[in-house]
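Student: next come a sequence and a model predicted from it.
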Amino acid sequence: MSELNFEIALIRLEEIVRKLEQGESSLDESLSLFEEGVKLARLCNKKLDDAEGKIEVMLEDERIEPIEVKD
Amino acid sequence: MLVEPISVSELTKQIKQVFNNPPFQDLAVQGEISNFIHHRSGHMYFSLKDQNSRIKAVMFRGHNQHLNFPPKNGDTLIAIGSLGVYEPNGEYQLYVELLLPQGVGDLHLAFEQLKEKLQREGLFDPANKISLPYLPTRIGVITSPSGAALRDILNVLKRRHGGVDVLIFPALVQGDGAPKSLLEALAMSQKTNVDVIIMGRGGGSFEELGAFNDEHLARAIARSKIPIISAVGHETDFTIADFVADLRAPTPSAAAELVVPVKKDLVESIANSEERMKIAVTQKINSERRYLKQLTQSPVLLQPAQAIGQLRQKVDEQWSAIVRHNRHNLILLRSKLETHVGKLNTLSPLETLGRGYSICQDHNGKIVRDAKNVAVGSSLRVRLHRGDLLCKVEGSTTHE
C-alpha cells in the first residue's frame, strides 16, 4: 500500500467515503472499507508530512547540489 | 525522335509533384489583393499582384475564420501558405493559411510561419499533451538561476506546500546562446526523476523572449516524457513554447500555483474524508443493530404457538377457497353439458320421426326417395317414431 502514489490514494479514499455514505454495502464490507480508508488517510498524511522541501541545483557535470535560497 | 505520349492527367500529376516540394511549400508572399471574393461557402478567392505579375490565391474557411481584419482589394499583405495545382483547370494557386498586414517585422513573420508549420504537424494537439501529477514530489525548474522568475516560483511553492522538492536546471534565457542552453537543460531534466517541469523566464520584449520561439526547443518540448509547463513573461506574451507545452502558465508564479495544491487544503480534505467515513460506519452499525432488534422482537420468536396457529388458519382458508372454486366449476360444466344435449336432440333424425315423419327403406336398407325406383310387389321397411312396418307395394303413382 505504501507504493501507492498520493493522487491514487486520495481518489480511492474519496471512493470509499462515497460507498460508505451510500450505505449499500454489508456490515462486513463496510468495516473492511473503513479499515482501508483509515490506512489510506494515514498514508496520504504521511506523504504530505514526509516531503522535505529540498532545493537542489543540477550542475554542468550532472552533479546535484543543495543550495540555499534567500527570501 | 518521337516521345511516348502521356495523358493530360499524368502530366498534371507530375506538375503537382513539383509544387509539393521546396521551394513552393511554406512560403511568405507579399502582394496586393485584387479580385477578392468571399464566397458563400466561406472560402476566400483572390489574386495577389505587383507591377508585373499576378498569382491566384485561395484561403479556405477553416483558415480565414481566424482573421482579425477583413481583407479587401488594394490591401498589400503578406500571405503565408503553399503553392498547389488545381487539377481540373490546370491552374496553380497559392493556398493561403495566414494573412498578415504588411509591415510586421521579420521576427513576427518567422514566428507566425513557425507556429503555422508546427500546428500543421500536430505539435499543439491537445491529444499529445501529458496531464500534470496531482501532487508532484520533485519539481524541475528550467530557468536562469539569477532571474526573478526562479525567486517567484520558489516563493509560491514554499507558501503553498513547503514539502515539495525542487531541482533547478540553470539555463540562459536570453541571447544567442539561450536556445542551446535551454535545450541542454531540458535534455538533462529527462534523465532525472522530476515528475513535472516548469520552464520559463520573466517578462521581456518580443526579441528577448526569442529563445522560447526556437524550433528545436519546441520539438524537444513536444518529445519530453515529463509534463512541461511553460511560464514565459507576462500574461500577454505568447511564445511557441507556450503552444507546444503541456500547459501554459501566464507567469512563472502562476506556473508554481498550477503545479502544487495548497497543503492545508489537502490536509483538511483528508480529515474531512475520515470524519465522513466515521459517521457513515457508525450509522451502518446503528441501523444493523436496529434491524437485529426488530428481528428478535418478531412474533415468531416471541410466541411460536400463536404464529403456528396463524399459519394453520391460513391453510384452512385456502382449502375452503379451493373447494368453493371446484363447486362453482362443476355447476358451470353441468349447464354447459345440458345446452349441448339439447342441441344434439334438435339435430337427431329420431326427433323428426317424433313429429310424424317416417323413413322408407328397401330390402338393402337404402332409403327410398322416388316412387319410380320401387317395383310393385317389392317389400319396404318403414321406420316410424315407435317401431317399424314391413309393407308390400301394391301400386305407385308418380308426381312430376
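Tutor: It's in.
Student: burial count for whichever residue of chain A sits closest to chain B?
Tutor: When scored by C-beta to the nearest C-beta, chain A has residue A:51 as its residue closest to chain B, at 2.9 Å. All C-beta atoms are positioned from the backbone trio N, CA, C, and that covers glycine. Applying other C-beta atoms under 10 Å in any protein chain shown, we find 19 residues neighbouring residue A:51.
Student: for it, which non-adjacent residue is spatially closest?
Tutor: residue B:163 (2.9 Å; C-beta to C-beta, 6 or more residues apart in numbering or on different chains).
Student: and the residue of chain A closest to chain B, what does it touch?
Tutor: B:137, B:161, B:163-165 (C-beta atoms under 8 Å, 6 or more residues apart in numbering or on different chains).
Student: just give me the closest of these to chain A.
Tutor: Distances from chain A to these, taken by C-beta to the nearest C-beta, are shortest for residue B:163, at 2.9 Å.
Student: one step back: wasn't the residue nearest to residue A:51 part of a helix?
Tutor: No. Assignment of residue B:163 by DSSP: H, G, I helix; E, B strand; the rest coil gives coil, placing it outside any helix.
Student: related to what we said a few turns ago, most surrounded residue in the contacts of residue A:51?
Tutor: Most crowded among those, counting by other C-beta under 10 Å, is residue B:164 at 24 neighbours.
Student: where does chain A dip in pLDDT?
Tutor: Within chain A, the ranges that satisfy pLDDT under 70 run A:1-3, A:69-71.
Student: hmm, try it at 90
Tutor: A:1-8, A:10, A:22-28, A:44-55, A:59-71 (pLDDT under 90).
Student: contact residues of it facing chain B?
Tutor: A:5-7, A:10, A:13-14, A:16-17, A:20-21, A:23, A:25, A:27, A:30-31, A:34, A:37-38, A:41, A:44-45, A:47-58, A:62, A:64, A:67, A:69, A:71 (C-beta under 8 Å from any C-beta of the partner chain).
Student: correct me, but residue B:67 touches residue B:99?
Tutor: Yes. Contact criterion C-beta atoms under 8 Å: residue B:67 and residue B:99 qualify, at 6.1 Å.
Student: the two: which is more packed in?
Tutor: Between residue B:67 and residue B:99, counting by other C-beta under 10 Å, residue B:99 is the more crowded of the two (24 against 13).
Student: phi, psi of the more buried one?
Tutor: With angles defined as degrees, to the nearest 10, residue B:99 sits at phi -120, psi 130.
Student: in which helix or strand does the residue lying closest to it once chain neighbours are set aside reside?
Tutor: Once flanking residues are discounted, residue B:99 sits nearest to residue B:77: 5.2 Å by C-beta to C-beta, 6+ apart. Using DSSP states H and E, residue B:77 sits in strand B:76-86.
Student: quickly run through the sheet partners of that strand, with directions.
Tutor: According to DSSP bridges, strand B:76-86 forms sheet pairs with strand B:27-38 (antiparallel), strand B:91-101 (antiparallel).
Student: which stretches of the stretch 301-400 of chain B form strands?
Tutor: Taking DSSP state E, counting those that start in this stretch, the strands of the stretch 301-400 of chain B run over residues B:359-361, B:379-383, B:388-392.
Student: so who does residue B:370 touch?
Tutor: Contacts for residue B:370 (C-beta under 8 Å, 6+ apart) come out as none.
Student: returning to what we had before: go through the strand holding residue B:77 and flag the buried ones.
Tutor: B:77-85 (16 or more other C-beta atoms under 10 Å in any protein chain shown).
Student: nearest to residue B:26 among those?
Tutor: Taking C-beta to C-beta as the measure, residue B:26 lies nearest residue B:82 of those, at 6.3 Å.
Student: so what's the closest one bridging to?
Tutor: Under the criterion used here (DSSP bridges), residue B:82 is bridged to residue B:95.
Student: isn't it right up against residue B:23?
Tutor: No. Using C-beta under 8 Å, residue B:82 is not in contact with residue B:23, being 10.4 Å away.
Student: which members of the residues of chain A next to chain B occur in helices, if any?
Tutor: Cross-referencing the residues of chain A next to chain B against helices under DSSP state H gives A:6-7, A:10, A:13-14, A:16-17, A:20-21, A:27, A:30-31, A:34, A:37-38, A:41, A:44-45, A:47-50.
Student: of the strands paired with strand B:76-86, flag the one that's most buried.
Tutor: Neighbour counts (mean count of other C-beta atoms under 10 Å in any protein chain shown) averaged over each of these peak at strand B:91-101, with a mean of 19.
Student: give me the contact list for that one.
Tutor: B:15, B:19, B:27, B:29, B:44, B:48, B:55-60, B:63-64, B:67, B:69, B:71, B:75, B:77-86, B:108-109, B:112-113, B:116, B:120.
Student: and the helix or strand that comes right after that strand with strand B:91-101, angle?
Tutor: Heading C-terminal from strand B:91-101, the first helix or strand you meet, by DSSP H and E, is helix B:106-121. Taking axes from the mean of the first three to the mean of the last three C-alpha atoms, to 10 degrees, one finds helix B:106-121 and strand B:91-101 inclined to each other by 120 degrees.
Student: can you pull the buried residues of helix B:106-121?
Tutor: By neighbour count with 16+ other C-beta under 10 Å, helix B:106-121 contains the buried residues B:109, B:111-118.
Student: look at the residue nearest to residue B:162 when sequence neighbours are not counted and say how many residues are nearby.
Tutor: Nearest-residue entry for residue B:162: residue A:53, 4.6 Å, with adjacent residues in sequence omitted and distances by C-beta to C-beta, 6+ apart. For residue A:53, the count of nearby residues is 12 (other C-beta under 10 Å).
Student: those helices in chain B, which residues are they?
Tutor: Counting by DSSP H, the helices of chain B are B:8-19, B:61-64, B:106-121, B:148-161, B:178-189, B:215-223, B:240-244, B:252-259, B:263-296, B:299-302, B:304-347, B:349-354.
Student: walk me through the domains of chain B.
Tutor: Per automatic domain parsing, the domain ranges recorded for chain B read B:8-104, B:129-261, B:353-392.
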